[in-house]
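Student: quick one: sequence and predicted model below, then my questions.
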Amino acid sequence: MKTLTKHRELIYQDLAQRFDHPTAKMVFESVRSKADRISFATVYNSLEYLVDRGMVNKLNIESDSVRYDACVSSHSHVICQKCGKIIDVPTLQLQENQVDFDSLGFSVQKVDTVVVGVCKTC
């Protein structure tokens, strides 16, 4: 089993201090001056390693690139469709029994709620 290497630790710490839900490229730009010989591939693979271990969430939102979030506690996201800003908000939930997933033959593993709109800045 792979361990939390120096580069992975650096990438995790960078992500944990951010609230902008960065892409792999944004994380790479942030950490490359702090680490000797770190490549984009190392950053990307490290982010995927952290996702696989439940240390980081991968946001599959309507975006050009996948976004990452070190906040793994339950929460939802509000996204500005103009500027792309992503904001964490308390968990938005479906009402109990609103959808009968069993009758659809569907086993729910995770529910992600995303609200898309326009922020006050835009």
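Tutor: Thanks, I have it.
Student: now stretch 85-96, how far from the chain's geometric center?
Tutor: In terms of C-alpha atoms, centre = their mean, to the nearest Å, the centre of stretch 85-96 is found 14 Å from the chain centre.
Student: repeat for stretch 37-45
Tutor: 18 Å.
Student: would you mark the buried spots in that stretch?
Tutor: Using 16 or more other C-beta atoms under 10 Å as the burial criterion, the residues of stretch 37-45 that qualify are 38, 42, 43, 44, 45. Just so you know, the C-beta spots here come from the backbone N, C-alpha and C atoms, and that holds for glycine as well.
Student: what's in contact with that stretch?
Tutor: Judged by C-beta atoms under 8 Å, 6 or more residues apart in numbering, the contacts made with stretch 37-45 from elsewhere in the structure are 7, 10, 11, 24, 25, 27, 28, 31, 32.
Student: repeat that with 7 Å
Tutor: Residues from elsewhere that reach stretch 37-45 (C-beta atoms under 7 Å, 6 or more residues apart in numbering): 7, 11, 24, 27, 28, 31, 32.
Student: and the buried ones among these, selectable in PyMOL?
Tutor: Selection of the buried residues among the contacts of stretch 37-45 in PyMOL, burial being defined by 16+ other C-beta under 10 Å:
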select buried, resi 7+11+24+27+28+31
